[in-house]
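> Here's a sequence, model it:
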Amino acid sequence: MYKRMKLGNLILTLLLICNSVQAQNSNNLKIWDNKPAKDWMTQAYPIGNGKLGAMIFGGTDQEHIQFNESSLWTGDEQETGAYQAFGEIFIDFDQKEAGKTTLYKRTLNLNDAIHQISYQYNGQEFTREYFSSHPDQVMIFNYASKSKNAYSVTIRLKDAHASKTKNATDGLIIEGVLPNGLKYASTLRLKQNGGTLKIDKDSEGNSQIHLTKANGFTLFLSASTDYINQRARQWKGEDPSQVVNRNLKTALAKSYAVLKNSHIKDYQSLFNRFALQIGNNTPKDDVPTVQQIINYKKNTDNQLETTLFQYGRYLLISSSRKGGLPANLQGIWNNSNNPPWRSDYHSNINIQMNYWLAEPTNLAESNVPYLDYINSMREVKKENTQKEYPGVRGWTVRTENNIFGGESFSWNTPGSAWYAQALWDHYSFNQDKGYLKSFAYPILKELSEFWDDHLKRRSDGVIVAPDGWSPEHGPKEDGVSYDQQIVYDLFTNYIEAADSLKIDTDYRNHIASLRDKLLKPKIGKWGQLQEWEDDKDDPNDKHRHASHLFALHPGRQISINKTPELAEAAKVSLTARGDESTGWSMAWKMNFWARLHDGNHAYQILKNFITLVGGDGIDYNDGGGIYENLLCAHPPFQIDGNFGYTAGVTEMLVQSQEGLIDLLPALPDAWKSYGEVRGLKARGNITVDLKWKDGVITDYKLTSPLVRQIQLKVNGTLKTVTVKKS
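Numbering: from 1, shown residues only. Next comes the predicted model:
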């Protein structure tokens with residue numbers, strides 16, 4: 001269905017939409033700097049293909065590439081362990097005369113996921129292109145020059161677990177076994193254009209490559225472990241050396257152009273589904289990204305806001321691809337074997353927030369690793385849950401979790417029920433009944449069974465979750481709002497799933513009866529939404545977690561349309577919590593305020609989020625913000641803030657959680673002049689394109705695989721419209 005809000009030619013309108021979005025994509029979506037990175041966390045740029053990730057420093061005397069593989073974990077089914085660094089590549093250049101390097105630029109292009117470095121040294125031009133290919137499962141680092149004999153380098157491959165580097169034909173190998181028995185392997189292979197190659201050993205017995213007077217060269221890196229997300233196979237898959245050798249053999253048989261084009265085609269098949277433009281800002285090619293962030297405090301920059309939005313999509317595509325593991329606390333990028341919070345899967349918001357953007361920004365495939373992860377953990381979690389809660393059906397989780405089902409820290413009993421929201425939302429957005437019946441419904445039911453058994457029935461008929469906790473503070477007691485609201489959400493999702501499939505009527509009705517008796521959200525003495533059953537909330541509590549507002553977002557129990565008094569109480573609580581916090585917390589608050597249809601307040605937090613933290617000459621602080629490379633500061637670095645920011649912007653643009661599609665429900669004054677969106681997904685498997693000017697929607701287009709009638713709110717008017725088949 002296409003709705004023309006003003007007179008004009010439809011074809012011309014579509015062309016204008018297409019052309020303006022294409023102009024934005026081709027010119028603006030990049031981050032760059034005019035100097036190499038010195039610091040891994042704040043300045044290096046990330047690349048990834050869902051499994052293999054790297055942080056690039058871009059030095060001219062020495063290139064430093066730190067890399068990861070998503071399944072390199074310590075721990076087991078009992079102990080969480082930690083996500084591990086894999087290794088490093090060092091390339092030492094025979095270019096060490098101070099002052100001879102000029103015109104330096106390193107750029108991460110979000111449109112094609114290629115990292116480029118260019119500079120001149122002693123009058124010679126040097127260029128590099130790096131990317132992590134999903135189709136070929138290798139990372140590729142290409143070095144070129146217009147001059148002959150330009151490169152004389154020493155190349156080293158270092159294992160983060162101190163295994164010796166061995167030599168291969170035109171390459172280097174590291175292999176090892178972690179204390180938990182997990183095998184890992186990585187091989188770096190080289191294709192040279194001219195020059196001579198020699199492999200020898202350094203003083204510590206590690207093999208290294210010497211390449212002399214080459215015109216150029218290309219490095220191919222593959223890394224793997226023997227992990228597989230199947231407990232029935234004891235989490236053990238194919239030998240990693242075989243995987244690595246197969247990937248490299250296939251990639252090395254192809255030309256660089258073919259590999260690059262295949263990578264771009266694959267990446268853009270996901271990234272190009274969604275486009276956003278706000279205002280008519282021109283590209284700021286003359287201002288490095290770090291300076292754009294600094295300038296933002298004086299003059300807000302819609303283009304930087306948009307780039308940060310698309311950066312979230314770039315990071316999700318780069319760290320979460322179908323067939324792999326979900327993004328952890330740091331995506332797939334980690335340079336420590338003892339990272340903060342284990343770089344784990346935190347179940348009390350963090351892994352959930354990682355995926356809020358997936359469906360609405362048209363990246364359903366990137367959501368699949370999270371869903372597969374939930375499914376793969378079930379049997380281990382059932383055993384662990386039985387030990388803690390004897391006699392219950394179903395399962396739940398602790399706060400910290402790994403890739404084998406192991407866990408640690410406090411029990412987060414609503415955590416698995418929160419996982420269930422992702423299972424339901426994937427169906428809600430895509431309407432795939434086969435997926436719902438065979439995959440999601442059995443998990444939704446067993447999680448409902450856990451709460452059926454675990455809930456406490458009081459003599460007055462009220463049902464409460466026992467011994468709850470409001471993360472990550474407060475007393476443990478019955479009826480905590482966080483627990484109550486998430487259980488309500490689980491039961492609602494289960495009921496709707498059973499209705500959609502027309503099955504299990506008796507149990508569906510039983511769960512509906514339980515839901516109706518759950519302790520409901522309460523309004524306290526200072527007008528707040530209570531965090532605990534007793535009215536004891538502290539109006540001066542500034543804790544980063546606002547878990548008692550789950551029902552507002554990402555839940556759907558509270559809304560300004562259906563429960564205005566509760567929405568107002570949520571607003572009082574949110575105001576008391578304050579706007580400034582850690583990065584992910586500010587991102588969540590953007591989503592809260594968007595659900596309250598207060599675009600200006602959501603935008604104020606968005607502006608707070610775009611605050612430079614760390615870097616050269618900039619004080620490191622304990623608040624949220626972003627680094628020079630746009631990664632979110634928790635501190636130290638936590639990727640859920642980037643993902644939550646992107647999700648918050650989508651909530652400002654379109655909402656669909658209440659059984660209708662609401663266009664621009666929280667548009668801030670700063671964005672009213674002009675904007676357009678293409679490819680945003682709403683629940684019901686509906687794709688939304690829209691344009692606005694002076695705060696008024698001027699054009700919109702809704703498409704769906706099936707013809708259907710929906711409720712649509714546009715420019716404040718609710719109407720019934722027919723969506724035509726796309």
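> what residue of this structure is the furthest out?
Residue farthest from the centre of the chain, counting by C-alpha atoms, centre = their mean, is Ser459 at 44.2 Å.
> Give the buried residues for the helix or strand hosting Arg246.
Using DSSP states H and E, the element containing Arg246 is helix 240-252. Of the residues in helix 240-252, Pro240, Ser241, Val243, Val244, Asn245, Asn247, Leu248, Ala251, Leu252 count as buried by neighbour count, 16 or more other C-beta atoms under 10 Å. (Each C-beta comes from the backbone N, C-alpha and C, glycine too.)
> so how far is Asp504 from Ser513?
Using C-beta to C-beta, to the nearest Å, Ser513 is found at 14 Å from Asp504.
> cool, and Gln116?
Gln116 is 55 Å from Asp504, where distance means C-beta to C-beta.
> And those two? Which one has more around it.
Counting neighbours by other C-beta atoms under 10 Å for Gln116 and for Asp504 shows that Gln116 has the greater number, 19 against 16.
> Name the SS class of that one, please.
Look at Gln116: counting by DSSP: H, G, I helix; E, B strand; the rest coil, its state is strand.
> Hmm, Thr127 and it touching each other?
Yes. Counting by C-beta atoms under 8 Å, Gln116 does reach Thr127; the two are 7.0 Å apart.
> Do you have the helices of the stretch 301-450 of the chain handy? List them.
Taking DSSP state H, counting those that start in this stretch as the criterion, the stretch 301-450 of the chain contains helices spanning 302-319, 350-354, 364-376, 378-388, 415-430, 433-435, 441-454.
> a markdown table for these, including mean pLDDT, distance to Glu568 and mean neighbour count?
Converted to a markdown table, the helices of the stretch 301-450 of the chain look like this (pLDDT from 0 to 100; distance: least, C-beta to C-beta, whole Å; neighbours: other C-beta atoms under 10 Å):
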| stretch | mean pLDDT | distance to Glu568 | mean neighbour count |
| --- | --- | --- | --- |
| helix 302-319 | 98 | 29 | 24 |
| helix 350-354 | 98 | 25 | 25 |
| helix 364-376 | 98 | 33 | 21 |
| helix 378-388 | 97 | 38 | 16 |
| helix 415-430 | 98 | 24 | 24 |
| helix 433-435 | 98 | 38 | 12 |
| helix 441-454 | 98 | 29 | 21 |
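> want to throw the ones you listed into CSV with distance to Leu596?
CSV is the format used below for the helices of the stretch 301-450 of the chain (distance: least, C-beta to C-beta, whole Å):
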stretch, distance to Leu596
helix 302-319, 20
helix 350-354, 18
helix 364-376, 26
helix 378-388, 35
helix 415-430, 20
helix 433-435, 32
helix 441-454, 28
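> List the buried residues for stretch 532-539?
For stretch 532-539, burial by neighbour count (16+ other C-beta under 10 Å) applies to Trp532, Glu533, Asp537.
> scratch that, stretch 512-522
For stretch 512-522, by 16+ other C-beta under 10 Å, it's Leu514, Arg515, Leu518, Leu519, Pro521, Lys522.
> on that earlier part again, Throw the buried residues of helix 240-252 into TSV and include pLDDT and distance to Lys100, thanks.
Below are those laid out as TSV (pLDDT from 0 to 100; distance: C-beta to C-beta, whole Å):
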residue	pLDDT	distance to Lys100
Pro240	98	42
Ser241	98	41
Val243	98	42
Val244	98	38
Asn245	97	40
Asn247	98	38
Leu248	98	35
Ala251	98	34
Leu252	98	34
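> Could you single out the nearest of those residues to Gln268?
Closest approach to Gln268 among the buried residues of helix 240-252 (C-beta to C-beta): Ala251, at 19.7 Å.
> Can you name the residues that contact that closest one?
Each residue near Ala251 by C-beta atoms under 8 Å, 6 or more residues apart in numbering is listed here: Ser133, Asp136, Gln137, Val138, Ile140, Phe220, Ser222, Leu259.
> What is the most widely separated pair among those residues?
The most widely separated members of the contacts of Ala251, counting by C-beta to C-beta, are Ser222 and Leu259 (12.7 Å).
> Pick out whichever of these two has more residues nearby.
Comparing Ser222 with Leu259 by other C-beta under 10 Å, the one with more neighbours is Ser222, at 25 against 22.
> residues touching the more buried one, list them.
Going by C-beta under 8 Å, 6+ apart, the list of residues near Ser222 reads Leu52, Gln137, Val138, Met139, Ser186, Thr187, Val243, Val244, Asn247, Leu248, Ala251.
> Repeat the analysis, applying 6 Å as the threshold.
Val138, Thr187, Val244, Asn247, Leu248 (C-beta atoms under 6 Å, 6 or more residues apart in numbering).
> What of Ile155?
Taking C-beta under 6 Å, 6+ apart as the test, what Ile155 contacts is Ile91, Ile209.
> what's the helix or strand for it?
Assigning secondary structure by DSSP H and E places Ile155 in strand 151-159.
> which neighbours does that strand have in its sheet, and in what orientation?
Its sheet considered, strand 151-159 pairs with strand 87-93 (antiparallel), strand 207-214 (antiparallel) by DSSP bridges.
> picking that back up, in TSV: the contacts of Ser222, plus distance to Trp333.
Formatted as TSV, the contacts of Ser222 follow (distance: C-beta to C-beta, whole Å):
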residue	distance to Trp333
Val138	18
Thr187	21
Val244	20
Asn247	20
Leu248	23
